[in-house]
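J.: Build me a structure from this.
(3 chains)
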Amino acid sequence: MKPPQFEYDDPSSIEETLTLLTQYGEDAKILAGGQSLVPLLNFRLARPDRLIDINNVRELDYLRVEDGMLRIGALTRHSALERSSELGERVPLLRDAVRLVGHVQIRNRGTVGGSVAHADPAAELPVALTALSARFHARSSRGSRLLRADELFVTHLTTALEPDELLTEIEVPLPAPGTRHGFVEFSRRHGDFALGGAAVLLESGPDGSCRHAAIALLAAASTPLRASGAEQFLVGQRFNERVAAEAAERAVGDINPTGDIHGSSNYRRGLVKAMVRRALVQADSGAKEAA
Amino acid sequence: MRVRLGPISMDYKGIARLAEVDEESHRAVFVVEGKETRGQGSASATITNRLVGEGGSTRVVVGTELSVTGRPAQFGRGIMQDVAAAMLRDFAECLSQLMMGTDAQETALAEAAAEPAEPLPEKAPPKPEASNPPPQRPQSEELKVGGVVWKVIVARVGRVLQRFARRRRPS
Amino acid sequence: MRKGVIGTSLPRKEDVPLLTGAARFAGDVQRPGMLHAHILRSPFAHARLLSLNAGPALELPGVHAVLTQEDLPPAARAIPMRMFAQQDLEGYLQPPLAGGVVRYSGEPVAMVVADSRYEAEDAAELVEVDYSELPVVLRPDEALEEEAPRLHTGPNRAGGFRIEFGDVDRAFAEAHLVVEERLEVGRHAAVPLETRGLVAEVDELTGMLVVYGAAKIPHVNRRILARLLDRPEERIRLVELNVGGGFGARGEFYPEDFLIPFCALRLRRPVAWVEDREEHMRACNHSREQVHDVAIALAKDGRFLALRDRFLNNTGAYIRTHGLVVPGMTAALLPGPYRWSAYRCDASQVVTNKTPAGTYRAPGRYEANFVRERLIDVAAHRLRLDPVELRRRNLIARDDMPYPTGTHTDGHPVVYDSGDYALLLEKGLARFGWEEMRRWRDSAPHRGIGVGFFVEKSGIARWEYARVEVTNRGETHVYSGGASLGQGLETVLAQVAADTLGVRYDDVSVFHGDTATIPDGMGAFGSRAATLGGSAVLRGATRLRERLLELAADELEIAPEDLDLVDDAVIARGAPATRVSLSALFELARPARALGSNTQPGLSEEAYFLSEDMTFPYGLHCAAVEIDAETGGVAIERYTVAYDLGRAINPQLVEGQVVGGAAQGVAGALLEELAYDEGGQLVAGSFMDYLLPTAGEAPFVDVLITEDAPTSRNPLGAKGAGEGGTAAAGAAIANAVADALAAEPTRLPITPERVLTLAREGAR
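T.: Numbering: from 1, shown residues only, chains lettered A, B, ... in the order given. Now for the predicted structure:
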């Protein structure tokens, strides 16, 4: 359980990091919070020649709201999200999601950028950010680009980031006032990667019917998945239990999750359906409480 | 052969062989066996390809049975199934490109639909999400599965399947 | 007994060093010139080992040796059994390093020794091993099929036995109702927080081979090591350090327990090895996996007529030190607290291509209690009787004690010593709030309540050693042949010594686990440390007290019966100013003086305690669960354990034992499973997939300790406390789930997916 040899750099700026990535990209791996990479190193399943430790790149550690946008530096720790009262008020979905990430030790160390770049479809933040239509800033010495979730997440543990690119920022458009949310997951133990889950945002029109819906599924596919069929179904509907059940049914219409020792594909499909329904109910009841 | 899935990278040296060709049922079975170049683990895959005619097009049904030993097997959370899914998808895509490119008319559609050779509840070969748009090809060749051996296998599978397809051509 | 030391929840002696960081574990040991070992393990579950080339590994800088089976001495061919040994099993013992065939994924094949663990692991990757895969068999029932791959020269049924009394066939033929089920317990493991670790070195000044990191049974393991090394026992010293949990698994003699000392002798350098979690999961004993085909015959009024069982214990690839302990315990204690006129149990120890198995907290009994108590609930459902009432009608009565069960452990008859089962049942139900929880259950769907009654055994392996001494400073030192795995041995033995002698608890120090200062001992397993170890201390302390009083009587010229020992001095009763301190008595007992006055020199008393029979504590687990019908999640609403152990030396420690044990038992019912893929790979090989309970999953456990039935089999009246918290947890949880779903779970653990399957199939 000891990692193989690697070279180690600890740059202190984005520029320095990008230079290193340009030089070593293919053979290097970014080390942020290390909550996924370090176990993989110890199992010798990951064996990069070089680790570029960005924990000293302080300019990547921030959380701020500007121009109707929440901007999260890639090195921001989960616990910073958890403790931000502004985040709790403006993007409560993200706060609810981050609370379900691992355990407190993991949240103190793990970073938002690390979770996104690791692209685990069972991780909470990528799913919440997918529901929130977040966009992801990638920089390299060649320039910078902005990706949507469906462009970024390619498959299990795989993003569209080039070897010389660094994920620098996640921007989240602030949900319209009155938007309700739900985030629900089921795991066998507290803090585990969930077997299924869902993130939901609902925005109602003046007549109480749904104007906009966003549903993202957790551990349902090889990437976080927007349930666009269910979202379209919800638009124009007045919310009730039957509508929620129907939307959940549509959300899992064609998903086919990977089964493992904790649950078969079939079980997980049913579970995701239940999670979507509950997330919708949670979002709806949140609205009632607020009213 | 290097198998990569995100940060996970496993190097195997080994052999690929055509284990069975059944011209009658248009079935070809390839066996790939590899041993970790660093470490003690191993991986073997049995890839069963079958041609099924569907109107004017031909569907290639690919089934895999994967057996892995060593740390990737123990790491759990179905990670090997994810790796297998990535490999299979890549395989299907390579195959599709190969066949479309060389004999597009006959094989209008080469679609990988994983079909478990036998129902194995805990370890059924993963099925690619049919409803999803095919995953975007990563910009870098190295991101998923690469290596010469893999391409050789795909090329050989392709040749065998094309032979089948030609035989199926309505006369 | 004096001063109320025994029976009081005194603060643990172990806590100060642990909480201040002064404790030292195997991983803390640093010796000059110490090398680090890494064990190269087979990735295959079954394969022929064709060749092994260590050449490339040896070329790596920092690498000192690569050992293979060819390097091992002839005496080290196989690790022997230490308990429940059976001649037939000799051919199934594990060699320290595999020879021609590997039989489970994780079997040691070679050992790499280097300057650091990093270098050792790098080198291990370069060792070239050629395997030729063999077919694999993983389930015990499949292993017994004709065409199943065979692991060893002998059949896959390595051993077994039958226990029988009464006319079973007739009872079944005449029964009003027969219930029969196939019941299975999945494979789980002890998984102590601290993995195993050893440091061995040869003291070049004395030639002594010293091994740090012993646990559980240092003297037993010294004997085994001496035999395998062909070296005199007195030239080997095993030293126990702080130990982070054992639960049956840690401390047994494993391949590494030979390899590390052997390597230190061979290289004449200290060698360290700390097991990492990944290898722990594949290398350390597994447990539990059993398949039972079991039946109960009942009369119309619900009376139990006969119990019949045929079960397979999946012991993995080899027979390890425990021999037939686990199936032996299952078969001996399956009858439980009930009267049976007839019983037949056929036990088989079956080898498969999984990690070898041994004991884990309540070994064999967790399984037996699940099987019996589950089947009783099934019978109650068929008879439309309340499951508790069905039990009540069949309990062994208090007046029938001592009660010969008709079973035996390793040939020794099982005779329950004492107990009032009916009383405990009522006390336990009252504590749980059975009627209240019934209403709770009825007030919403998917709620269930269930019980599991158990009779435990404690104090196995008959004897223990103790030495009690007064020092020149007037303090008391206790040396015990027992061992500490974190259970509070030092506290309990100090309480017994303080209480018996009359000295202050704080003035007592307890030492254990060093073969250099303790001549012999049995160790800590099977809930024996307090009962047998404590009884030995009691005996030594009693004799020492008598001698102290006699010495003081001479000095004070007062008859011994008019003296008392209080704190640090012997005083005259009624005239405490007339006194002689213990340190003064120590001076009087120095050899020069003692020999001159014809008295025994020194203030030290050795004692052995022997008990031919075990003691049998008993108790009740009650569970209330609520099931999420969409996810299959099981939430525990209330959990109570009522436990009678005759006498609690330290009630808080007992409670801690029960709560911790229940967490493990409940997790075995709902979470933990060592899942394998069909190729024999352990896929639950890390804590990501092997689901140990966290504080979030372990229920709050309400503990009721009763002392209604002390034992007469030891002078303390105490029965063991270590395993009752685990013993019937699987039974109680499964019965509560059954009640909630109106379905019959037949396998542990009950995963969420199985819950949903049961809910669907439901409706018994």
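
J.: neighbours of the residue in chain B that chain A sits nearest to, just the number please.
T.: Relative to chain A, the nearest point of chain B is residue B:6 (2.9 Å; CB to the nearest CB). In short, each C-beta sits where N, CA and C put it, glycine included. For residue B:6, the count of nearby residues is 25 (other CB atoms under 10 Å in any protein chain shown).

J.: Run the chain-centre distance for stretch A:93-103.
T.: 10 Å (CA atoms, centre = their mean, to the nearest Å).

J.: quick one on the thing from earlier: skipping its backbone neighbours, what lies nearest the residue of chain B closest to chain A in space?
T.: residue A:157 (2.9 Å; CB to CB, 6 or more residues apart in numbering or on different chains).

J.: dump the residue contacts of that neighbour.
T.: By CB atoms under 8 Å, 6 or more residues apart in numbering or on different chains, residue A:157 lies in contact with A:118, A:119, A:120, B:5, B:6, B:7, B:8, B:82.

J.: what pLDDT does it get?
T.: On pLDDT, residue A:157 comes in at 90.

J.: Lowest-scoring secondary structure element of chain B by mean pLDDT?
T.: In chain B, no helix or strand scores lower on mean pLDDT, DSSP states H and E than helix B:148-168, which sits at a mean of 63.

J.: contact partners of stretch C:180-189?
T.: C:249, C:281, C:284-296, C:314, C:354, C:357, C:360, C:366-367, C:370-371, C:374-375, C:378, C:667-668, C:672-674, C:690, C:730, C:744, C:746-749.

J.: For chain A, tell me which of the residues you listed show up nearby.
T.: The residues of these that also fall near chain A, by CB under 8 Å from any CB of the partner chain, are residue C:673.

J.: pLDDT weak spots in chain B?
T.: B:77-78, B:85-89, B:98-154, B:156, B:163-171 (pLDDT under 70).

J.: now the helices for it?
T.: For chain B, applying DSSP state H gives helices covering B:71-75, B:79-103, B:148-168.

J.: which non-adjacent residue is nearest the residue of chain B at minimum distance from chain C?
T.: Chain B approaches chain C most closely through residue B:74 (3.0 Å), counting by CB to the nearest CB. With CB to CB, 6+ apart as the criterion, residue B:74 has its nearest non-adjacent residue at 3.0 Å, and that residue is residue C:685.

J.: How about chain C: which residue is closest to chain B?
T.: Counting by CB to the nearest CB, chain C gets nearest chain B through residue C:685, at 3.0 Å.

J.: Test my guess that that residue contacts residue C:279.
T.: No - applying CB atoms under 8 Å, one finds residue C:685 not in contact with residue C:279, separated by 9.4 Å.

J.: Could you check how far residue C:477 is from chain A?
T.: Noted for residue C:477: a distance of 40 Å to chain A, by CB to the nearest CB, to the nearest Å.

J.: Grab the nearest non-local neighbour of residue C:244.
T.: residue C:194 (2.7 Å).

J.: picking that back up, OK, contacts around the residue nearest to residue B:74?
T.: Going by CB under 8 Å, 6+ apart, residue C:685 touches B:73, B:74, B:75, B:76, C:278, C:281, C:282.

J.: For chain B, what is the nearest residue in the stretch 101-250 of chain A?
T.: Nearest to chain B in the stretch 101-250 of chain A, going by CB to the nearest CB, is residue A:157, at a distance of 2.9 Å.

J.: Over to that residue: give its phi and psi.
T.: phi 60, psi 20 (degrees, to the nearest 10).

J.: got it, and residue C:31?
T.: Note on residue C:31: its backbone torsions stand at phi -120, psi 150 [degrees, to the nearest 10].

J.: what about residue C:642, which helix or strand?
T.: Using DSSP states H and E, the element containing residue C:642 is strand C:634-644.

J.: Next secondary structure after that strand?
T.: helix C:651-670.

J.: CA atoms of that next one as PDB?
T.: Presented in PDB, the C-alpha positions along helix C:651-670 are these (Å, rounded to 0.1, in the frame of the first residue of the first chain):
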ATOM      1  CA  PRO C 651     -20.100  -2.900  34.900                       C
ATOM      2  CA  GLN C 652     -19.000  -0.100  32.700                       C
ATOM      3  CA  LEU C 653     -16.500  -2.400  30.900                       C
ATOM      4  CA  VAL C 654     -19.200  -5.000  30.500                       C
ATOM      5  CA  GLU C 655     -21.500  -2.400  29.000                       C
ATOM      6  CA  GLY C 656     -18.700  -1.300  26.600                       C
ATOM      7  CA  GLN C 657     -18.200  -4.900  25.600                       C
ATOM      8  CA  VAL C 658     -21.900  -5.400  24.900                       C
ATOM      9  CA  VAL C 659     -22.300  -2.100  22.900                       C
ATOM     10  CA  GLY C 660     -19.200  -2.800  20.800                       C
ATOM     11  CA  GLY C 661     -20.200  -6.400  20.300                       C
ATOM     12  CA  ALA C 662     -23.700  -5.400  19.200                       C
ATOM     13  CA  ALA C 663     -22.300  -2.900  16.700                       C
ATOM     14  CA  GLN C 664     -20.400  -5.800  15.100                       C
ATOM     15  CA  GLY C 665     -23.300  -8.100  15.200                       C
ATOM     16  CA  VAL C 666     -25.800  -5.700  13.700                       C
ATOM     17  CA  ALA C 667     -23.300  -4.800  11.000                       C
ATOM     18  CA  GLY C 668     -23.000  -8.500  10.200                       C
ATOM     19  CA  ALA C 669     -26.700  -8.600   9.800                       C
ATOM     20  CA  LEU C 670     -27.100  -5.600   7.600                       C
END
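
J.: buried residues in that helix?
T.: C:652-670 (16 or more other CB atoms under 10 Å in any protein chain shown).

J.: Could you list which residues are in contact with residue C:348?
T.: With CB under 8 Å, 6+ apart, residue C:348 has these contacts: C:140, C:144, C:157, C:159, C:160, C:310, C:311, C:312, C:313, C:327.

J.: Retrieve the pLDDT associated with it.
T.: 98.

J.: Please report how far it lies from residue C:326.
T.: Counting by CB to CB, to the nearest Å, the gap from residue C:348 to residue C:326 is 12 Å.
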